[in-house]
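J.: predicted model, plus sequence, below.
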Amino acid sequence: MAKDVTAEDLVAVLAQHERFVLVSHLRPDGDAIGSMLGLGLMLEAMGKEVVYLNEDGVPGNLAFLDAGQRVRRSREVKVLDCDVFIALDTANQERLGDTALARKPEKALGVTIDHHITNERYGDLVWVDDQAPATAQMVWELAKAGGWEIPAEARTALYVGASTDTGSFQYANTTARTHEMAADLLAAGLDVAEVNRLTYHNFPYRRVQLLTSLLATLQRSDDGRLAWWSLTLAMKKEAGYQPGDSEGLVDVMRGIDEVVACVFFEEISDGTIRVSMRSKDASVNVSEVCGSFGGGGHILAAGARLEGPLEEARQRVLAELGRAAA
Ligand code: 5GP
Ligand code: MN
């Protein structure tokens, strides 16, 4: 049975163990990798042993966070022994990926640290704060509660986690506490210009080519309140698409003045369709819309996976979103 715990409880529990495995969700974003590395590097600074796992590994756009190449693809790791298995930034076990999940030793204590409103409270000890803008901010709260040292690499990881999940401290989920965290990390020596350059101004040219082809597929509802575009397998092939290339491009649609909600449809090689949805109005809850297709996330940012083909998935999703936005 999962037990809800606080940051203070977790600080005490983590202190009592020595060997940790940290995992975050498949197709990881800045918060998934940032919160995992941030926590792990602090545990390592305390002399603990940490293994970092991700089903898909670190995408190219986030490689700078993991200069030491600590994060391993779960399929490359055969057997694991640990005392504590911590899932970060991941709403349900399935989103850890089958292989990552299978790496959990049966006797290991399962800990869940997450900020998704749709978190399913799996594991033995669960700390979910759906008001936190990023799991990275929760990890920083752990550091503060425990009086932990935050090594330089962990500072960068936590800052990037919070920055990417708040749209560079722009979205409504950004709180005074988020800025306190940023101030704390800056005061400790974080190079804000360099970290932001690496996070936002360091993309390969093919990302812009990808954007060009996406813009050619851009469509809007008659009233202009909904916008969507689609990435097919053929487009990916042409652009030489690599994981992470499309991260954040959805902001181009969100930036249109009339747009209230927008959708990024992406054809995946296994024939399923990945949906990435954004809203600018809390009354249009995209977590609920994605939830009706087995996905989830946050009120203003959510996702799901549907059966193909693309055109059918698009019609189903837009019909549901149209109702939510009516
Ligand atoms: P993104 O659109 O950037 O991939 O994801 C936006 C938010 O929705 C993230 O917090 C992400 O974890 C969540 N999310 C994306 N796809 C899925 C999904 O298939 N299932 C669930 N439960 N959440 C998702
Ligand atoms: Mn997150």
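T.: That came through, no problem. Ligands and ions are numbered 1, 2, ... in the order given.

J.: wouldn't Arg155 be in contact with Leu185 here?
T.: Yes: under the criterion of Cβ atoms under 8 Å, Arg155 makes contact with Leu185 at 4.7 Å. For every residue, glycine as well, the C-beta is placed using N, CA and C.

J.: for the nearest residue to Ala67 once chain neighbours are set aside, give me its contacts.
T.: If the residues on either side of it in the chain are set aside, Ala67 comes closest to Glu153, at 7.5 Å by Cβ to Cβ, 6 or more residues apart in numbering. Residues counted as contacts of Glu153 (Cβ atoms under 8 Å, 6 or more residues apart in numbering) are Leu37, Leu41, Ala67, Gly68.

J.: residue in the protein nearest to ligand 2?
T.: Closest contact between the chain and ligand 2, by Cβ to the ion, is at Asp31 (3.3 Å).

J.: and that residue, how many neighbours?
T.: For Asp31, the count of nearby residues is 30 (other Cβ atoms under 10 Å).

J.: list the residues that contact the residue of the chain positioned farthest from its centre.
T.: No residue in the chain has its C-alpha farther from the mean C-alpha position than Asp222, which lies at 32.0 Å (Cα atoms, centre = their mean). Counting by Cβ under 8 Å, 6+ apart, Asp222 touches no other residue.

J.: for stretch 43-51, buried residues please.
T.: With burial defined by 16 or more other Cβ atoms under 10 Å, the residues of stretch 43-51 counted as buried are Leu43, Glu44, Lys48, Val50, Val51.

J.: endpoints of it, how far apart?
T.: Taking Cα to Cα, to the nearest Å, stretch 43-51 runs 11 Å from one end to the other.

J.: equivalent analysis for stretch 267-276, please.
T.: First-to-last distance for stretch 267-276 - Cα to Cα - comes to 12 Å.

J.: averaged pLDDT, that stretch. What do you get?
T.: For stretch 267-276, mean pLDDT rounds to 95.

J.: what about the closest residue to ligand 1 within the stretch 1-150 of the chain, helix or strand, and which?
T.: Proximity of the stretch 1-150 of the chain to ligand 1 (Cβ to the nearest ligand atom) peaks at Ala91, 4.3 Å away. Under the criterion DSSP states H and E, no helix or strand holds Ala91.

J.: tell me the phi and psi of the nearest residue to it once chain neighbours are set aside?
T.: What sits nearest to Ala91 in space, not counting adjacent residues and going by Cβ to Cβ, 6+ apart, is His116, at 4.0 Å. Main-chain dihedrals, His116, degrees, to the nearest 10: phi -80, psi 130.
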